[in-house]
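J.: Quick one: sequence plus predicted model below, questions after.
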Amino acid sequence: MCGIVGLFLKDKALEPKLGAMLSEMLICLTDRGPDSAGIAIYGAATGNEAKITIQSPKPERDFHGLDAELAKAINAPVSVAVKSTHAVIRTTPDKVEPARVALRSLRPDVRIMGAGEAVEIYKEVGLPEAVVERFDVRSMTGTHGIGHTRMATESAVTTLG
């Protein structure tokens with residue numbers, strides 16, 4: 001069993017509340033998927049920035065110094081914002097593919113969760129409420145979001161799919 005939620009906001013005044021509203025919807029589906037949860041939040045695209053969300057089994061090791069190493073490898077500005085086992089890398093849109101390639105050699109244990117100009121993707125093992133807390137989803141803003149809960153019925157409890 002699993003549960004899926006989605007929210008598309010047409011009222012700009014509600015965008016600051018997207019994370020809080022989507023969180024409550026996801027938590028309501030805990031009975032349908034208590035093993036793990038994931039969420040994709042879409043913010044406003046600026047046109048001059050792209051994001052790559054990554055996940056690491058050892059974030060202390062993999063995220064430390066990544067901004068400087070990746071900036072050097074792709075010869076472009078890079079920022080890294082860490083949220084628990086995930087990090088959001090920001091760079092220019094033309095450097096997304098070079099960054100993806102560089103990440104394979106710089107941090108081979110890191111998983112790329114997604115990339116785009118507006119999306120951030122987070123998923124982790126645990127109750128949906130714990131995942132919401134871990135990544136501070138309630139404070140996220142945006143235009144729309146999708147969430148899922150998972151109950152492993154015939155497979156391992158993992159975020160590997």
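T.: Yes, it's here.
J.: Show me where the chain has its strands.
T.: Secondary structure of the chain (DSSP state E): strands at 2-8, 36-42, 50-55, 79-83, 86-91, 111-116, 119-125, 144-150.
J.: Export the ones you listed as TSV, with columns for distance to residue 29.
T.: (C-beta placed from N, C-alpha, C; glycine too.) Shown next, in TSV, are these (distance: least, CB to CB, whole Å):
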stretch	distance to residue 29
strand 2-8	3
strand 36-42	9
strand 50-55	22
strand 79-83	22
strand 86-91	21
strand 111-116	21
strand 119-125	14
strand 144-150	5
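J.: so which of those comes closest to residue 19?
T.: Closest to residue 19 of the strands of the chain is strand 36-42 (CB to CB; 6.6 Å).
J.: if we look at that closest one, which residues are touching it?
T.: Strand 36-42 is touched from outside by 18-19, 22, 26, 114, 118-128, 131-132, 135, 137, 140, 142-150, 152, 157-159, with contacts defined as CB atoms under 8 Å, 6 or more residues apart in numbering.
J.: Quick check: bridge partners of the residue nearest the centre of the chain?
T.: Central residue of the chain (CA atoms, centre = their mean): residue 121, 2.3 Å from the mean position. Beta bridges link residue 121 to residue 40, judged by DSSP bridges.
J.: Hmm, it is touching residue 53, no?
T.: Yes. Between residue 121 and residue 53 there is a contact under CB atoms under 8 Å: 4.7 Å.
J.: Buried among the contacts of strand 36-42? Make that a ChimeraX selection.
T.: The following ChimeraX line selects those of the contacts of strand 36-42 that are buried, judged by 16 or more other CB atoms under 10 Å:
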select :18,19,22,26,118,119,120,121,122,123,124,125,126,127,128,131,132,135,137,140,142,143,144,145,146,147,148,149,150,159
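J.: Isn't residue 88 up against residue 80?
T.: Yes. The criterion here is CB under 8 Å, and residue 88 meets it with residue 80 at 7.4 Å.
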